[in-house]
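Engineer: turn this into a structure:
(chains A and B)
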Amino acid sequence: MLDIRFIRENPDIVKTAIKNRNMKLDIQEVLDLDSDRRKILVEVEGLKAEKNTISKKGKPDQAVIDKMKALSQKVDDLDKKVEGIDEKLGNLLLYIPNIPHNSIPIGSSENNKEVRKWGEPRKFDFKPKTHIEIGEDLDILDFPRSSKISGSGFCLFKGLGALLERALINFMLDLHTKEHGYKEIFPPFLVNRASMTGTGQLPKLEEDMYKLKDDELFLIPTAEVPVTNIHRDEILDEPELPVYYTAYTACFRREAGSYGKDTKGLMRVHQFDKVELVKFVKPEASFDELEKLLGNAEKVLQKLGIPYRVVMLATGDISFAASKCYDIEAWTPGIEKNLEVSSCSNFTDFQARRANIKYRTKDKKVEYVHTLNGSGIAMARTVVCILENYQQKDGSVIIPEVLRPYMGQRDRITKE
RNA sequence: GGAGGGAUCGCAUAGUGGUCGAGUGCGGCGGUUUGCUAAACCGCUAUACGGUUGAAAAGCUGUAUCUAGGGUUCGAAUCCCUAUCCCUCCGCCA
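Structural biologist: Predicted coordinates:
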């Protein structure tokens, strides 16, 4: 959410931001409502002041009571008007996106900018199989049965496949806690509406979320939601910052409207595991912190030995709440794609304002923190990368060295 | 699922219809005193949204906020209703 005062004072910046995001949104109504609201506030607050003065005098006579009744009636009417405006205004503000940072390219996804590449795609002396074929041949992935149990878009890991999944989670959490200074969190997987609104999933993306109708709870689409909301409605002290959290959670996404896209195998599933990185930082540090966060996520792929590229997203491609965002795309030789395995974003004060997360500076001022998050990294697609990049001619898969301690020192996955 | 009890300023507590513009203690910040530390003493101590002065820093001022939302009343922290959360007990349960 943007600050209404910022919009009032910088309408052109907001309009440009909306245009650069290729969105159609008119902010004139917001400006009009805001100025109406302030006019009425002046009037109603004056009347309330008068009421307060009278009621402080103690027991009134009949004339005063009559006057107060009339005043109360006026105040009620005006209060209702303000309430109506507040509701409309609040709703409109929730649909105004963050201002993209001036360091990112303007335009649609075609203007995304590759900032670096790491690693060389492996050369195969045989035709590489897809992870689906590898998984079936090794009997570590079972799609027919996951469909039977749950439906399409789910996966069932078996044996060393299940162990690989668990090894990846533990490896990533250890890396981020021991080497990158994050505190480990294990949050609830079900959250309330206030949390979903705080991080920006609601109200816009409600149809993408799994919802428990009887309890008004949502399955989390990412650990970002519960972890960022840890500090919702709080004022942190400056010395506490920066706060770094990492969390493993399962993530649940309906993927409504994406039927037919990447539906094969593990590329787009309704439930997947992810290790997430979340930061709360001082405003002046947030763009440096984004680079560090990105580096932390890249480190996972480097240690796993999977080639990738880093892409800076253009104004039309970054998410609603983000000011700047990098995607990490890993190369997968079987399905021959660059798969997005991580997305690292700086939300500046956009989420903090929505979720009301602040900090108190040394000279006692209260300001919004900046929030960031990034996948560090998403599991299902990482499994795709490992299986396809490390497959051997004999059908086995070499286990990357860093994972071996988590897999009983085993060095390859073979059919059991 | 059932029965009770509770939620007040960072923490602890006082407050059962107007003098609450929320008291007190602790903590925190600033000051006095001091060779240093402590103690003692004095002062300050939240957030949001407006208005206004100012170049700005900042100040002055209004309104709202005693978990949240409704209601009663001329007037609500206080009375009533609902929701949420916490605690105790019973039942069920990994």
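Engineer: ok, residue A:54 - contacts?
Structural biologist: Taking C-beta atoms under 8 Å, 6 or more residues apart in numbering, we find residue A:54 in contact with A:60, A:64, A:67, A:68, A:71. Bear in mind the C-beta positions are built from the backbone N, C-alpha and C, glycine included.
Engineer: point me to the residue of chain A nearest RNA strand B.
Structural biologist: The nearest approach of chain A to RNA strand B comes at residue A:68, 2.8 Å away (C-beta to the nearest atom of the strand).
Engineer: count the neighbours of residue A:57 for me.
Structural biologist: By other C-beta atoms under 10 Å, 8 other residues sit near residue A:57.
Engineer: that should have said residue A:387, apologies.
Structural biologist: So residue A:387, with other C-beta under 10 Å, has 28 neighbours.
Engineer: for it, what are its contacts?
Structural biologist: Per C-beta under 8 Å, 6+ apart, neighbours of residue A:387: A:131, A:134, A:135, A:334, A:397.
Engineer: give the contact list for the first one.
Structural biologist: If I follow you right, that is residue A:131. A:141, A:265, A:266, A:332, A:334, A:335, A:383, A:384, A:387, A:388.
Engineer: drop anything exposed from these.
Structural biologist: A:141, A:265, A:266, A:332, A:334, A:335, A:383, A:384, A:387, A:388 (16 or more other C-beta atoms under 10 Å).
Engineer: what's the farthest-apart pair in those?
Structural biologist: Maximum pairwise distance in the buried ones among the contacts of residue A:131, criterion C-beta to C-beta, is 14.7 Å, between A:141 and A:332.
Engineer: residue A:79 falls within a strand, correct?
Structural biologist: No - with DSSP: H, G, I helix; E, B strand; the rest coil as the criterion, residue A:79 is helix rather than part of a strand.
Engineer: how about the helices in the stretch 201-350 of chain A?
Structural biologist: All helices of the stretch 201-350 of chain A, identified by DSSP state H, counting those that start in this stretch, fall at A:224-228, A:286-304, A:350-355.
Engineer: which strands and helices lie in contact with the longest one?
Structural biologist: Applying 3 or more C-beta pairs under 8 Å, 6 or more residues apart in numbering; DSSP states H and E, one finds that helix A:286-304 contacts strand A:113-118, strand A:271-281, strand A:308-312, strand A:324-332, strand A:337-346, strand A:370-378, helix A:379-389.
Engineer: report the buried residues of that helix.
Structural biologist: Quick answer for helix A:286-304 (16+ other C-beta under 10 Å): A:286-287, A:289-290, A:292-294, A:296-301, A:303-304.
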